[in-house]
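**Q** Show me how the following folds:
(2 chains)
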Amino acid sequence: MEFTPGNLLTVTFATYAIGAVAGLCCLRHERPANLLTFGLATLASACGLLAGVLCLAYSPAFGTVRMQLLPTLIPYLSFSIRVDALSAFFLVVVSAVALAISIYSLGYMRGFYGRKSVGLLGAFYNVMLLATTLVFLADNAFFFLMVWEIMELTAYCLVSFEHEQAETRRAGVLFFVMSHIGTGCIMLGFLMLFQAYGHATGDYGSAAYSFDNFHALGDRMSSGSRDAAFLLFLAGFGIKSGIVPLHTWLPAAHPVAPSNVSAFLSGVLIKTGIYGMARVFFDFLPGTAGPPMWWGVTVLSIGTISAVLGVLYALMQHDLKRLLAYHSIENIGIILMGFGAALMFLHTGHPVLASLALIAGLYHTINHAIFKALLFLGAGAVLHATHTRDMEHMGGLAKRMPQTAFFFLVGAVAISALPPLNGFVSEWLTYQSLLQGYGTTDSLLRLMFPIGGALLALTGALAAACFVKAFGITFLAQPRSEHAAQANEAPSTMLLGQGLLVAACVFLGLFPTQFLKLLDPLTQSLTGLQISGQLTVANGLVLSGVNPNGGTVSTLGIAVLGLCFLSLPFLLRLVFARGTNVRIGPTWDCGLQGLTPRMEYTATGFSKPIRMIFKALFRPRREVQREYDFSPYFTNTIRFEAHVEEVFETRIYRPLNRWVLWASRRMRALQAGSIQAYLIYIFITLLLLLLFAL
Amino acid sequence: MIMNPSAPTPIGSQIIMLFAALMLVLQLLLVVQKMLLTNIRLYALQSLMLTVIAAVIAWYYNATHVYIVAVLTLVGKVIFLPWLLNRLVRRIKIVEEIEPLINAPTSMLICGGLTLLGYIVARPFTTLDKLGNNTLAIAIALLLTGFFLMINRRKAISQVLALLTIENGVMLAAVALTSYGMPLVVELGIFFDVMVAVMVLGILVYRIRESFASMDTSKLTQLKG
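**A** You can find the predicted model right below:
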């Protein structure tokens, strides 16, 4: 067998499928089920990763890989696969993250022994991975929708896997409903594309559903239907990726899923929305004339709002996984800022800047997939050890779980966009594209670029604050609960999974120019330019914005400099303080009788300043109840409650909910209870449709 | 009936047209016939016509899978399903006649109107250069009158019968119009769909009868939330 991407992909698909079947076969045997399902998933994702990298690195040699998965019996549907540069990029994202998560799961799933069916979870997990991989590779609208739907259904099953708790069931249902509203929008969008192609060429056959033929379809559509398709896809893929205000399912569903699944949901699944947008907005819809200005403006605004609101709400959380889920909204916002800017540059005719902004968005996509998966896996390890998601019950874990703490710290530094790790690189590229955008147009809309840049800076600062809180409260100081005090380090497979992602974070941070070369075929196919050469200065040691007078940065340099300065104190100590006594004593406690966990800074307390600054948004509310005998200064019991209002929930979703219920009650008049009446409804509908067809 | 002069095999086309027309006639008889057992026999006869049409098409196009469809129709809808329904009727011991909601002359008028509608709707297809090109009108007419039949009956078992005639209409369109275009899988799918539906409905009818001492579905008005 030859070592080609096509063969590797066949192995990948087959192995995922075998993994799923194996999981179902050993429902009763937990240990073999765990080994088989996640072992096979590891193998499959490794093959997928290799295939994706081969496709990107040797794109001229392999060209666009095409395959026919199964013979088809049904007209219009073909199970065809096409791996072009964009698909290969996302194949790399999904496989890299899946590889780490699968290894991690080998250890993590032991926590489920005797409690839940490991084989079932493994089977769902493999099917979800297979379907998600196929979503990125499908070359036919029907096939795409099929695997999209399988992906959503398996994800729903996994989200509500621990369905004994009411919270989980509610989150599962919300996820299910929101996903399907999104799918509905996407279906309508594809139907519009199909109709446009059929109308233009007169071919309404199966070719009219092929992604190949959707390329640059925007030229053949009227501007009205093109805009409608844009909005449908924006809503459909937006729900999946969790843009504000369609994000409500995300912070509900991610925390309740098993942690390895939440890592996949947050790292990869929401990226299917990003893939869809990249595919539709850059490949299908714009024609030779480029997209209209307002598309870019819309996407950029949505991205900015999502970024800022996502991080603000994240700061208010004290559930570790919920906090991470809100950060996903923030990072999706940052990705969309890149995409929005790219659309605007395409409109104004600046393909180089458009490529830069697109690269920034895609770079952030893979970065977010990696560090968010890393953080969720870290949160899973903590959850595994302490059996709680509430940060107020953690603390002191750095001493008990040193490796997990270190890995989480690396993830936190990366997501806070601190140099030299990968989050910094992609956000820096986003800044570059936004700042250079000011000169691209004379209209007032150019103000959006500096405003977007400023808000991105705000987002970065708030994210850093948030992760100071997340890391500090969780890992530092003294344990706040019995569980946290007795926590043990995670097993080695869990650490290995996280370690792989840490390595990826460091590589993508220190050697961005190496990675950018892989994106050349991608920008070539979407904007017609290869700009990695312009982004690279000094043999790839320094990264540059495209503009020669603009900024340059070298993360490698920063890292080397940092290491030098970090070793300076040790050197000084070696030189000047040789031979002095070292005394280890307790932390100074102001003369009290020792420090207790009750004196620690709480998560809620830490975020109070920000809650006060953004009072208008959060509308914080608190209730204090004291019970005392003779003086309020000597209370017997005290109860404190603090709430933050979720504006979108209370202002949009609840009124909408009430309205739907009201309308449904009105509709109930139709439900007469008589079979004949129902038959007549169907009959009348049929007649109307027939007459309408005339 | 509009005959297309350029049809590939006029005799075959005429045979198909004849039997399709007979199907429609049988359908109209079903609408006015009140005896349940006779209704079942009429349905069996209608299915037999469908078998003949399928066999003729298979002969002219030399299409093996259409032969399979013909055999399946013969075994399933001419022999097995009528036998099943007959047994059901005898087990429940229905002696009384069907009581339609609308009387026979009005029903005939409505069915005439529906047939006309079928012809109007199918007009764009009659110019297709294909065997049995104008059976689509009859198929649609069968479908619409079948639907009307379903609304017009009160007894659950005669509603099942009406559903079966609708399915005959669908099958006619599937066999006559797309003979070699429609994959066997789809036809098998429809076929087993109907089989299972009738089995389930038969059991349901029996249960309804047991629980409510009647099969009159117009009495089941409390099933709502």
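
**Q** Would you mark the buried spots in the strand or helix carrying residue A:32?
**A** According to DSSP states H and E, residue A:32 maps onto helix A:30-57. Buried residues in helix A:30-57, defined by neighbour count with 16 or more other C-beta atoms under 10 Å in any protein chain shown: A:30, A:32-56. C-beta here means a position set from N, CA and C on the backbone, and glycine is covered the same way.

**Q** Secondary structure class of whichever residue of chain A sits closest to chain B, three-state.
**A** Nearest to chain B in chain A, going by C-beta to the nearest C-beta, is residue A:673, at a distance of 4.0 Å. Of the three states, residue A:673 takes coil under DSSP: H, G, I helix; E, B strand; the rest coil.

**Q** Quick one: list the elements packing against the helix holding residue A:32.
**A** Helices and strands touching helix A:30-57, by 3 or more C-beta pairs under 8 Å, 6 or more residues apart in numbering or on different chains; DSSP states H and E, are helix A:5-25, strand A:80-83, helix A:85-108, helix A:118-137, helix A:512-518.

**Q** What ranges in chain B fall below the confidence cut-off?
**A** Scanning chain B for pLDDT under 70 picks out B:1-9, B:94-98, B:125-133, B:177-185, B:215, B:217-225.

**Q** As a check, name the ranges of all helices in it.
**A** In chain B, helices defined by DSSP state H lie at B:10-32, B:36-61, B:64-73, B:81-92, B:104-122, B:135-152, B:156-178, B:184-212, listed in chain order.

**Q** Adding distance to chain A and mean neighbour count as columns, could you present the ones you listed in TSV?
**A** Formatted as TSV, these follow (distance: least, C-beta to the nearest C-beta, whole Å; neighbours: other C-beta atoms under 10 Å in any protein chain shown):
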stretch	distance to chain A	mean neighbour count
helix B:10-32	15	19
helix B:36-61	18	21
helix B:64-73	12	18
helix B:81-92	18	16
helix B:104-122	5	16
helix B:135-152	5	24
helix B:156-178	8	23
helix B:184-212	5	15
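
**Q** quick one: average pLDDT of whichever strand or helix holds residue A:304?
**A** Residue A:304 belongs to helix A:293-315 when assigned by DSSP H and E. Taken as a whole, helix A:293-315 has a mean pLDDT of 93.

**Q** and if you look at stretch A:256-270?
**A** 93.

**Q** centroid residue for chain B?
**A** The centre of chain B sits closest to residue B:165, judged by C-alpha atoms, centre = their mean, with a distance of 2.1 Å.

**Q** residues in contact with the nearest residue to that residue once chain neighbours are set aside?
**A** Spatial nearest neighbour of residue B:165, chain neighbours left out: residue B:146 (4.2 Å); criterion: C-beta to C-beta, 6 or more residues apart in numbering or on different chains. By C-beta atoms under 8 Å, 6 or more residues apart in numbering or on different chains, residue B:146 lies in contact with B:27, B:162, B:163, B:165, B:166, B:168, B:169.

**Q** does the last one really touch residue B:142, like I thought?
**A** Right, the one you point to is residue B:169. Yes - applying C-beta atoms under 8 Å, one finds residue B:169 in contact with residue B:142, separated by 3.1 Å.

**Q** residue ranges with poor pLDDT in chain A?
**A** Low-confidence segments of chain A, defined by pLDDT under 70: A:1-2, A:73, A:548-549.

**Q** List, one by one, the residues from it near chain B.
**A** A:73-74, A:668, A:671-676, A:679-680, A:682-683, A:686-687, A:690-691, A:693-694 (C-beta under 8 Å from any C-beta of the partner chain).

**Q** 6 Å instead?
**A** Residues of chain A lying close to chain B (C-beta under 6 Å from any C-beta of the partner chain) are A:73, A:671, A:673, A:674, A:675, A:676, A:679, A:680, A:683, A:690.

**Q** which residues touch whichever strand or helix holds residue A:502?
**A** Residue A:502 belongs to helix A:492-510 when assigned by DSSP H and E. Applying C-beta atoms under 6 Å, 6 or more residues apart in numbering or on different chains, the contact partners of helix A:492-510 are A:100, A:103-104, A:106-108, A:370-371, A:373-374, A:377, A:381, A:403, A:407, A:410, A:414, A:420-422, A:425, A:515, A:555-556, A:559.

**Q** now the strands for the stretch 551-694 of chain A?
**A** A:552-553, A:621-628, A:635-643 (DSSP state E, counting those that start in this stretch).

**Q** closest to residue B:81 out of those strands?
**A** strand A:635-643 (63.8 Å; C-beta to C-beta).

**Q** helices or strands up against that closest one?
**A** Judged by 3 or more C-beta pairs under 6 Å, 6 or more residues apart in numbering or on different chains; DSSP states H and E, the packing partners of strand A:635-643 are strand A:621-628.

**Q** for the strands of the stretch 551-694 of chain A, which one sits closest to residue A:162?
**A** Here strand A:635-643 is closest among the strands of the stretch 551-694 of chain A (C-beta to C-beta), at 25.9 Å.

**Q** pull the CA atoms of that closest one into PDB?
**A** C-alpha atoms of strand A:635-643 as PDB (Å, rounded to 0.1, in the frame of the first residue of the first chain):
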ATOM      1  CA  THR A 635     -24.300  37.200  64.000                       C
ATOM      2  CA  ASN A 636     -25.200  33.600  64.400                       C
ATOM      3  CA  THR A 637     -25.500  32.800  60.800                       C
ATOM      4  CA  ILE A 638     -25.100  34.900  57.700                       C
ATOM      5  CA  ARG A 639     -26.300  34.100  54.200                       C
ATOM      6  CA  PHE A 640     -24.800  35.800  51.200                       C
ATOM      7  CA  GLU A 641     -26.100  35.500  47.600                       C
ATOM      8  CA  ALA A 642     -24.800  37.300  44.600                       C
ATOM      9  CA  HIS A 643     -26.200  37.100  41.000                       C
END
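
**Q** residue boundaries of the helices in the stretch 101-250 of chain A?
**A** With DSSP state H, counting those that start in this stretch, the ranges of helices along the stretch 101-250 of chain A come out as A:118-137, A:141-159, A:166-201, A:211-214, A:223-241, A:249-256.

**Q** mind listing which of the contacts of helix A:492-510 are in helices?
**A** Among the contacts of helix A:492-510, DSSP H puts A:100, A:103-104, A:106-108, A:370-371, A:373-374, A:377, A:381, A:403, A:407, A:410, A:414, A:422, A:425, A:515, A:555-556, A:559 in helices.

**Q** ok, now which ones touch residue B:33?
**A** Residue B:33 makes contact with residue B:39, according to C-beta under 6 Å, 6+ apart.

**Q** Looks like residue A:386 contacts residue A:484 (just checking).
**A** Yes - shown here, residue A:386 and residue A:484 form a contact pair, counting by C-beta atoms under 6 Å, at 5.1 Å.

**Q** The two - which one has more neighbours?
**A** Just comparing residue A:386 and residue A:484: by other C-beta atoms under 10 Å in any protein chain shown the higher neighbour count belongs to residue A:386, 27 against 22.

**Q** what's the distance between that one and residue A:324?
**A** Taking C-beta to C-beta, to the nearest Å as the measure, residue A:386 falls 16 Å from residue A:324.

**Q** Ok, residue A:102 next?
**A** 20 Å.
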